[in-house]
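Chemist: Structure for the following, please:
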Amino acid sequence: MIYTFLKRCIDLIGGLFLMIFFGPICILTAIAIALDTPGPVLADTPPRVGKNGKFFKLYKFRSMVVHAHEKLRNDPRLAKLYSEYKRNSYKLREDPRVTTVGRFIRKHSLDEIPQLINVLKGDMSLVGPRPYYPDELVDQQKKYPHTKELVKIVLSAKPGITGMWQVSGRSEVNFDKRIKMDADYVRQRSLILDIFVLLKSPWAMISGKGAV
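Modeler: Predicted structure coming up:
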């Protein structure tokens with residue numbers, strides 16, 4: 001398929017260019033994280049669900065305390081927070097696990113830059129659906145049963161660093177609306193649509209609108 005071939009070419013060329021362009025920012029971000037809190041520079045997050053349901057490791061700058069995901073799910077003191085997390089489509093407006101530096105880099109999507117490694121490896125694309133957590137997909141489909149077919153459509157494509165919901169509302173969009181936007185993208189995907197999303201993405205990063 002010509003689209004698939006051209007999209008991969010754009011991912012490789014664009015990914016390499018952005019790695020070089022964001023290199024200085026990555027160095028500064030890594031230093032800031034190391035000075036802010038003890039722990040690794042990259043996040044220790046669980047695997048994400050990729051194309052055709054295949055799990056992969058997503059690279060991301062650490063914006064939370066160490067072992068944040070395990071603590072949220074297993075620490076009895078965070079049980080109420082975990083319930084809120086699931087209730088709010090796996091997003092928290094006020095999250096005590098987020099570090100000082102983490103709050104800034106999350107707002108401006110700087111924590112997402114290492115995902116360029118995933119793009120170059122072929123796990124992800126520059127533009128695509130959001131890479132979901134396995135338990136998130138299971139729980140949200142129970143909450144929104146009508147989304148099951150939409151999830152199948154979404155998982156037929158590679159996830160992306162940016163996508164339609166990120167540039168159209170980002171974290172303010174609940175799962176049922178988000179997964180529909182992702183599925184609509186997969187159905188309508190084209191180079192023109194990808195370019196449109198890429199052109200809108202820098203403003204989403206700069207403004208931080210809807211980010212948590």
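Chemist: what packs against the worst-scoring helix or strand of the chain on mean pLDDT?
Modeler: Lowest mean confidence among the helices and strands of the chain (mean pLDDT, DSSP states H and E): helix 79-87, at a mean of 79. Judged by 3 or more Cβ pairs under 8 Å, 6 or more residues apart in numbering; DSSP states H and E, helix 79-87 is in contact with helix 68-74. Heads up, the C-betas are built off the backbone N, CA and C, glycines and all.
Chemist: Off-centre distance for the helix it packs on?
Modeler: Mean-position distance between helix 68-74 and its chain equals 18 Å (Cα atoms, centre = their mean, to the nearest Å).
Chemist: Output the contacting helices and strands for that helix.
Modeler: Packing contacts for helix 68-74, counted by 3+ Cβ pairs under 8 Å, 6+ apart, involve helix 79-87.
Chemist: Now do the buried residues in the helix it packs on.
Modeler: Across helix 79-87, burial judged by 16 or more other Cβ atoms under 10 Å covers 81-82, 85.
Chemist: ok, now stretch 106-118?
Modeler: Neighbour counts using 16+ other Cβ under 10 Å place 106-107, 109-118 of stretch 106-118 among the buried residues.
Chemist: what do you get for stretch 13-24?
Modeler: By 16+ other Cβ under 10 Å, the buried positions in stretch 13-24 come out as 14-15, 18-19.
Chemist: just stretch 25-39 next, same as before
Modeler: 26, 29, 32-33, 39.
Chemist: So among those, where is pLDDT lowest?
Modeler: Across the buried residues of stretch 25-39, no position has a lower pLDDT than Gly39, which has 93.
Chemist: from what I can see that one touches Ser63, true?
Modeler: No - when contacts are counted by Cβ atoms under 8 Å, Gly39 is not listed as touching Ser63 (11.1 Å).
Chemist: Just to check, Ala32 is in contact with Val101?
Modeler: Yes - if you go by Cβ under 8 Å, Ala32 and Val101 touch, sitting 4.8 Å apart.
Chemist: Where do the strands of this structure begin and end?
Modeler: 48-49, 55-56, 125-127, 160-162 (DSSP state E).
Chemist: And these: which comes nearest Gln188?
Modeler: Ranking the strands of the chain by proximity to Gln188 (Cβ to Cβ) places strand 125-127 first, at 12.0 Å.
Chemist: The closest one pairs with which strands, parallel or anti?
Modeler: Looking at strand 125-127 with DSSP bridges, its partner strands are strand 160-162 (parallel).
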